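> Make a model of this:
(one chain, ligands or ions: 1)
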Amino acid sequence: MTWVGANKDFLSLLIAMLAIVISFSTVLIGLLNLRTNSFIAIQNVMLSNEMQRGRLLVYKAIATGEAPLPDSDEEYLMVRSLAVFDQLGMLSRRWIVPLRWVLLFWHARLQLLKHGFGVAADPTRPYILGGRPNLQYLVEHAERFRCDQSCCTNGQKERRLMEPPSSAA
Ligand SMILES: [Zn+2]
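Model prediction:
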């Protein structure tokens, strides 16, 4: 007890520091959980049948130059899938989902969008495309993304970036 008495101030400081470390760790774990859950939630939307079909229409339009008719259901599906992609970009820019995870999963598809979004900008219908700055942000990061997996080896990445794709999912 003599040692405790003699080192009371030191022990108080130690306990206070320990409390700070625990609080900080709790905040970090909470943040990681929030980002993980947000990523899974947006991924579930991105991978829904409707969104996948919309993206396929976009890739097809980029590859063939044949876009769906204006105001058709297919055009709206394309625009909706681009809007959700844009939302994914916004969540990445705001640190709500980890940009690295987004790029790990989506880089190959995002590289295809370097050639446009499959819908021509139409001044009479600015609401159709509207720029998509957050999606553009993802595309630019995807172009620089380093990957040594099968999606990017044997010149596949270069081909995606050089010319419009012939097929994609
Ligand atoms: Zn890759």
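> alpha carbons only for contacts and neighbour counts from here, please
OK.
> residue contacts, the most centrally placed residue in the chain?
Centroid-nearest residue in the chain, with C-alpha atoms, centre = their mean: Val102, separated by 3.7 Å. By C-alpha atoms under 8 Å, 6 or more residues apart in numbering, Val102 lies in contact with Ser92.
> Give me the distance between it and the ion.
Here Val102 is placed at a distance of 12 Å from the ion (C-alpha to the ion, to the nearest Å).
> And the next helix or strand past the helix or strand containing that residue?
Per DSSP states H and E, Val102 falls inside helix 99-112. Scanning forward in sequence from helix 99-112 by DSSP H and E, the next helix or strand is helix 126-129.
> Kindly format the C-alpha coordinates of that next one as PDB.
In PDB, the C-alpha atoms belonging to helix 126-129 read as follows (Å, rounded to 0.1, in the frame of the first residue of the first chain):
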ATOM      1  CA  PRO A 126     -30.300  18.000 -68.600                       C
ATOM      2  CA  TYR A 127     -32.000  16.000 -65.900                       C
ATOM      3  CA  ILE A 128     -31.100  12.800 -67.700                       C
ATOM      4  CA  LEU A 129     -27.400  12.900 -67.200                       C
END
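> residues of that helix that come out buried?
128-129 (16 or more other C-alpha atoms under 10 Å).
> repeat for stretch 131-141
Those would be 132, 134-136, 138-141, for stretch 131-141 by 16+ other C-alpha under 10 Å.
> model confidence over it, on average?
The average pLDDT for stretch 131-141 rounds to 94.
> Any residues of this protein in contact with the ion? List them.
Residues of the chain lying near the ion by C-alpha under 5 Å from the ion: 147, 151-152.
> Give me the PyMOL select line for these, limited to the buried ones.
To isolate the buried ones among the residues of the chain next to the ion in PyMOL, judged by 16+ other C-alpha under 10 Å, type:
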select buried, resi 152
